[in-house]
Every structure is written in structure tokens, then in C-alpha cells.
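Novice: fold the following for me, if possible:
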Amino acid sequence: MNKIGFSNGTLYRVEDVVSEETIGKFYSVAPDCLEVFAHSDPGRMGLAPAAAAVANKFARRSVHAPTHVRYGGTAESKALLKMVAGLYAAIGAELVVIHPDVVDDWEAFNDFPMQIGVENMDSRKNAFRDVESMWSLFDQHQNFKMVLDLNHCFTNDPTMKLAERFIETLGDRVGQIHLSGFAGFHEPLFQTQQLEILKYCRKLNAPIVIESVLSGAADIKKEFDYIVENLK
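Specialist: Predicted structure coming up:
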């Protein structure tokens, strides 16, 4: 079975997601992988040494780069990427997740030794929602991985034929899966019970990062157990 873990951002509404305590709660349930969502505020991006030590216990780690910024040749972009690269190194990450719609110039990443993972976008975005635009990007950047967000696929096509096409066309490029339910945003699957989203995880051998927004720490185990049980 795929390695399954959480984005620390799943508890952003109720907890300090970068605290040692919160990261420890994820580790106690799902120690296989962790994705650390990097805040765009430089003062809130990094992890304290104790929190970083817990993060490094996970079998696999990744970083999700800030999404409400622009990446390009500006001094601000370079300074932000330097901090992202610092977090990437601090937790021994294997992938940095990028939203392609906020990138003005992909050369901005050239000076930073990170494995780039590009995520397909949801229905609110104007680009990188379909196979063709993602294929074009990967054709230009052969070293990039794909992060297949199944929630985003569902928002564009509830039949999930879009997910099938992504897997058929770019399955060998998928380095990570993002998983959550959809009832308007990123709801827990144990609530939405959308097996039509969940089942596509079985078609890929890649780490699964759960991005469901949770209402409290008790929901970590509920969501993890629901997903594991329905992937058997």
C-alpha cells in the first residue's frame, strides 16, 4: 500500500501547525510521510529546532511552497525561495510542491537544489487544470515531478475521467498524490465518503498526502483510518 501521511496545514483552523506538539500528533498516527506547508510570512515559515527534529522522524518529507505569492526574477522571490530551500534542507525533504499558476519564470528555481513537484490546479484557476497544459509544462522541464491532486481533479470533472487521463498520460511522472474530499473546499473523506475520489490512489505507487481540513486533532485518526480501510 502507498505510504500515507498528512499536510500539517490540515489543522490550520484550530492549531499552531508548525509547533512540535502538532507535528507530533501527526507522527503518532501517520509516521510514513509529512508535508510542511510553508507560510509566505518569513517570520512564520521555518520550524523551531524541536519541531524540525520531530518532522525528521517521518519516513518521507516534502515542503509545499507558499501559494499566494509570485515566483520569478525579483529580489523578493529570490529571498522567499532561499527560505523555502532552507526549510527543505532542514527537514530533509525530497520534493517541493509548486502551484504553477503563480510562477512567472521557472528559471527562478534554478539556483536552489530542490526537486520540483508541480500540482494540477482546481476549477477556480485559469490554467494548469487539464492534461494538455500540464503535459506542455513537463515536456519543457523533464526533471519535474507531478503532484496529482485528486480533489482538484474532482472540482474540474466530478466523473473523475480527468484523473484517469492524468494517470494514463503522466502517471510515470507522479511523485506525490494530494487527497481530500470535496463539498466546497477540502473536506474530510470520512465525512464526504467519496470513494470515487479515493479509489484513484490505488492506480499509482506514490506517497499520499492528506489535505483534508480537519476540525480538531481527533479527526487525524478518523481520516487516516477511513482512507487506509478503503484502500485495502
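Novice: longest helix in this structure, please.
Specialist: helix 75-90 (DSSP state H).
Novice: need the strands for this protein, in chain order.
Specialist: With DSSP state E, the ranges of strands along the chain come out as 4-7, 33-37, 60-64, 96-98, 116-119, 145-149, 174-179, 208-210.
Novice: any chance of those strands in a markdown table, with mean pLDDT, distance to residue 190 and mean neighbour count too?
Specialist: From N, CA and C alone the C-beta is placed, and that goes for glycine too. Putting the strands of the chain into a markdown table (pLDDT from 0 to 100; distance: least, Cβ to Cβ, whole Å; neighbours: other Cβ atoms under 10 Å) gives the following:
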| stretch | mean pLDDT | distance to residue 190 | mean neighbour count |
| --- | --- | --- | --- |
| strand 4-7 | 98 | 13 | 25 |
| strand 33-37 | 97 | 19 | 25 |
| strand 60-64 | 98 | 22 | 24 |
| strand 96-98 | 98 | 24 | 24 |
| strand 116-119 | 98 | 23 | 22 |
| strand 145-149 | 98 | 19 | 25 |
| strand 174-179 | 98 | 12 | 23 |
| strand 208-210 | 98 | 11 | 26 |
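Novice: quick one on the thing from earlier: now the angle between strand 60-64 and the longest helix of the chain, please.
Specialist: 170 degrees (axes from the mean of the first three to the mean of the last three Cα atoms, to 10 degrees).
Novice: OK, contacts around residue 134?
Specialist: 100, 118, 120, 128, 146, 166, 170 (Cβ atoms under 8 Å, 6 or more residues apart in numbering).
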